[in-house]
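# can you look at this prediction? I've put the sequence above it.
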Amino acid sequence: MVEELTPRQQMILELVVREFVQTGVPVASKTLVEKYGLDISPATVRNEMARLEELGYLTHPHTSAGRQPTNEGYRYFVERLLRETELPPEERRTIAHQFQQVQTDVEEWMPLAASVLARTTRGAALVTAPQAAQPRYRHLQLISVQGRLVLLVLVLQGGVVRQQMLTFPEPLPQAVLSEAADRLNQLCAGLTADEIEPRIGSLPLLEADVARLVVEMMRRAAGTPEEIYHNGLAELLQEPEFQEAPHAQGVLRVIEERSYLEAILAYALGTSVGSVRVIIGGEGRFDELRACSLVLSRYGVAGLATGALGVLGPTRMGYGRAISAVRFVSGILSKLVYDVFVAEAEPFLSGGVRGLPLLPERESLPSQDAQDPSPN
C-alpha cells in the first residue's frame, strides 16, 4: 500500500513539480522557501524532500542539493494535487472560432486540432479521424473511365470517401452505370454493411457485384483510421530532454511508426468518450516513452463514430494545461461529430445512439463544461 503523504509533504512535492516544470533545473530547499514564502526552514524542507525521495517521488540526480520529480512523483501530482481550472476564456473563444470555420468540413478537423493542440501545449499533437463503429451508406457513383475500367466512388455518412478502380468483362455505357448506381443508392441509403448484405441476392448481376464490393469497402472503413495527423514534432525535439539520441528516437518512433502508436492508443483509450488518460514515462510498457508523457482523450459519439487525440511531451510537461487543452478540443470535436454523423444517421436510428435519446439542439460549439486540472 502506498504511504499517504502528509499535507506538508504534498505541498513540497507540488512545489517541486511546478518549479522543475518551469525551469528544468533540480530544485533546492532554499529556492522553495524563498520563492514561495514558506514559513518553515530550509532544513525542514530538506528533511521532507529526503523523505519524498525515500518514498520514490523525488530523485537526487547529481551531487547538488537539488531534487526533481520521478515518474511516480508526476503521477501523484497529476492524480492528487492538480487543481481544477480551464483554459482562459479568450483562448477558448479563439479555438472555438477556428473550428466554427470548418465545422462541416470533416477533412479539416484533424489538421486544425493537431495545430491548435501543438500551439496551446507546446507539445507534439496527435489526432486520428473519427471512425464510424458501423459505417452507413450515403451515396455511390460509377464513372466510366476508359474501355472496361470503371471508377467506383463510395461516400459514407460523415463525408468519408472511398474509391476503387474496377475492371469489367466488357465496356459498359455510362448510362447503364448511372442507372445501376441510382438503384443502389435508393436501396442502400442509410444502411450498414450488415443490412445491405442480405439484399444482394435479389439484385441483378451488375448491381449485386457492385454491392458485394461496397460491403467489403464499408467493413474495411470500420477498421483503423488511414491517417494519423500530427503537429509540433520539430519544436518538441528542441526540448533539452530530447537532445539525447535515444530519447529523440523514442519520440520519432511514437510519431512515425503507426503500429506502435496504435498499440499505445489501444492501451490508453477505452470506449469512454471525453475522459482523459495520462501516460507518464511509458508506465513500464513502452520503453520509447521513458522520457515522455502522453495526454490522450477519445472524442465523438459512442456507438456511432469516435476518434482519438492527444499531446506528447517530456515528463516535465505542463500537465494541467495539456489536460485542459486536450479535454476542451475533445469536447469541440465531439460536438462536430454529433452535428455531422448523428444528423445524417438520425433518420435511420430508432431511439437515438445506443438507446439514448438524441441530444437536444445545443450551441454551435461547446464551452468547457467540466472543470479541468490547473495549467502548469
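Everything's here; your move.
# what sits opposite the residue most central in space within the chain in the beta ladder?
The structure's the chain has its C-alpha centroid closest to Leu309; by CA atoms, centre = their mean the separation is 1.2 Å. Here Leu309 sits in beta bridges with Val127, Ser297, going by DSSP bridges.
# pLDDT score for Gly158?
On pLDDT, Gly158 comes in at 69.
# er, Tyr229 I mean
On pLDDT, Tyr229 comes in at 91.
# now do the SS call for it.
What DSSP: H, G, I helix; E, B strand; the rest coil gives for Tyr229 is strand.
# ok, back up a step: and the gap between the residue nearest to the centre of the chain and Val116?
Distance check for Leu309 against Val116: by CB to CB, to the nearest Å, it reads 10 Å. Where you see a C-beta, it was placed from the backbone N, CA and C, and this is true even at glycine.
# need the residues touching each of these two.
Ala125, Val329 (CB atoms under 8 Å, 6 or more residues apart in numbering).
# and the residue nearest to the centre of the chain, what does it touch?
By CB under 8 Å, 6+ apart, Leu309 lies in contact with 113-114, 117, 125-128, 296-297, 299, 326, 329-330, 333.
# what residues of stretch 52-70 count as buried?
Buried residues in stretch 52-70, counted by 16 or more other CB atoms under 10 Å: Leu52, Leu55, Tyr57, Leu58, Thr59, Gly66, Arg67, Gln68, Pro69, Thr70.
# can you pick out the most distant pair from the residues you listed?
By the measure CB to CB, Leu55 and Gly66 form the most distant pair in these, at 17.9 Å.
# which strands or helices does the helix ranked longest in the chain pack on?
If you go by DSSP state H, the chain has its longest helix at helix 319-337. The contact analysis (3 or more CB pairs under 8 Å, 6 or more residues apart in numbering; DSSP states H and E) places helix 319-337 against helix 89-100, helix 106-121, strand 276-280, strand 292-301, strand 305-314, strand 372-373.
# which elements pack onto the second one?
Identification of packing neighbours for helix 106-121 by 3+ CB pairs under 8 Å, 6+ apart yields helix 89-100, strand 124-128, strand 228-231, strand 305-314, helix 319-337.
# so what strands line up beside the shortest one?
With DSSP bridges as the test, strand 228-231 is paired with strand 124-128 (antiparallel).
# the stretch 1-150 of the chain: strands as residue ranges?
In the stretch 1-150 of the chain, the strands defined using DSSP state E, counting those that start in this stretch lie at 58-59, 68-69, 84-85, 124-128, 131-132, 137-146, 149-156.
# TSV please, covering those and showing distance to Asp194.
As requested, these are exported to TSV (distance: least, CB to CB, whole Å):
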stretch	distance to Asp194
strand 58-59	54
strand 68-69	50
strand 84-85	44
strand 124-128	24
strand 131-132	13
strand 137-146	11
strand 149-156	14
